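*Asks:* give the three-dimensional model of this entry:
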Amino acid sequence: MVRNVGKIVIKMSIYPSKEEICGATEAYLKKNHPEFFEKFTEAHWMAYYNENFHKNVNSFWMIFIRYIQ
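*Replies:* Take a look at the predicted model:
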């Protein structure tokens, strides 16, 4: 999933903000796994995103940026 979100984010920005990464993650989940995403309230989603996704997506992004430089 991190790779798929990375593909979405690269179309938006080379140095995406946390909000852009979160938005891309939401868009990916809404399109590809709506049953998973729909079970969250906004507050629960942000907590879940920060705990489970942001670290992985951010790490992937930093590796990707180093690779293309």
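
*Asks:* could you list the low-confidence segments of the protein?
*Replies:* Residues of the chain meeting the criterion pLDDT under 70: 2, 57-69.

*Asks:* if we go to 50?
*Replies:* For the chain, not a single residue meets the criterion pLDDT under 50.

*Asks:* nearest the geometric middle of it, what residue?
*Replies:* Nearest to the centroid of the C-alpha atoms of the chain, with distances taken as C-alpha atoms, centre = their mean, sits T25, at 3.4 Å.

*Asks:* kindly provide the distance from it to M1.
*Replies:* 8 Å (C-beta to C-beta, to the nearest Å). Using the backbone N, CA and C atoms, a C-beta is placed for each residue, glycine as well.

*Asks:* likewise Y28?
*Replies:* 7 Å.

*Asks:* who's more crowded, these two?
*Replies:* Using other C-beta atoms under 10 Å, the more surrounded residue of Y28 and M1 is Y28, with 19 against 13.
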